[in-house]
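> Below are the sequence and a predicted model; questions follow.
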Amino acid sequence: MRRLGLLCCAFMLVACEKPKEQPAADTTAAMAPAPAPEPAAAAPISLADLAGKWTMRTMPQDADTTLVTYELVAGPDSAHWVMNFPKRKPVPVHVRASGDSLITEAGPYESVLRKGIQVKTNGVLRLQDGKLVGTTVAHYATTGSDTVRNLRTEGTRKQ
């Protein structure tokens, strides 16, 4: 009889035991919004598309003050690019396209900003909303702490 009582108690314990909780199903993936589509890659830049004359202006990186204005004459290939500063000889510009960027190198030539000092410039430009925009780094042939200057460049095509 004792065994029967123990057996009934054990049965009741098992029968009354709460069911084990099932781990919550991962619904975050189903409820999360779909990821935004990747932005379209910028179209590769073509030297032929840039051919023509551009009015360029160079500014400090942190201001809109125009430091230098010049004409960029862009040939249909990399061999015929020049910068025309007012009252100066044309400065040849070496260019190459890389993806959506135009990489420029010029100089050495006499700096417009620092009279009597030679400068080499390196720039990266992109075509945005019909304008050439980017950065230019000027490397001055001088000693001291002021041998490099970072600048912004923007250009619009001449009509």
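Here it is on my side, so go on.

> quick one: the strands in the protein?
In order along the chain, the chain carries the following strands (DSSP state E): 52-60, 68-74, 82-84, 91-98, 101-110, 118-128, 131-140, 148-157.

> Where does pLDDT dip in this protein?
Applying pLDDT under 70 to the chain flags residues 1-32, 38-42.

> same thing but 90
Using pLDDT under 90 as the threshold, the predicted model of the chain has low-confidence ranges 1-45, 49, 76-79, 143-146, 159.

> ok so, going back, identify whichever of the strands of the chain lies nearest to residue 33.
Nearest to residue 33 among the strands of the chain is strand 118-128 (29.4 Å), distances taken as CB to CB. All C-beta atoms are positioned from the backbone trio N, CA, C, and that covers glycine.

> From the chain's centroid, how far away is the closest one?
With CA atoms, centre = their mean, to the nearest Å as the basis, strand 118-128 stands 14 Å off its chain's centre.

> for stretch 140-149, same thing?
With CA atoms, centre = their mean, you get 26 Å for stretch 140-149.

> Adjust the sequence numbering to begin at 5 for everything that follows.
Sure, I'll start counting at 5 from here, so that last one is stretch 144-153.

> Just the buried residues of it, please?
By 16 or more other CB atoms under 10 Å, the buried positions in stretch 144-153 come out as 144, 153.

> And the contacts of it?
Residues outside stretch 144-153 that contact it (CB atoms under 8 Å, 6 or more residues apart in numbering): 112, 115, 117-118, 121-124, 141-143.

> Can you check which of the strands of the chain gets nearest to residue 39?
Of all the strands of the chain, the one in closest proximity to residue 39, counting by CB to CB, is strand 122-132 (25.9 Å).

> and the closest one with strand 105-114, angle?
Calculated by axes from the mean of the first three to the mean of the last three CA atoms, to 10 degrees, strand 122-132 forms an angle of 160 degrees with strand 105-114.

> Output the contacting helices and strands for strand 122-132.
Counting contacts by 3 or more CB pairs under 8 Å, 6 or more residues apart in numbering; DSSP states H and E, strand 122-132 is packed against strand 105-114, strand 135-144, strand 152-161.

> repeat that with 10 Å
Helices and strands touching strand 122-132, by 3 or more CB pairs under 10 Å, 6 or more residues apart in numbering; DSSP states H and E, are helix 51-54, strand 56-64, strand 95-102, strand 105-114, strand 135-144, strand 152-161.
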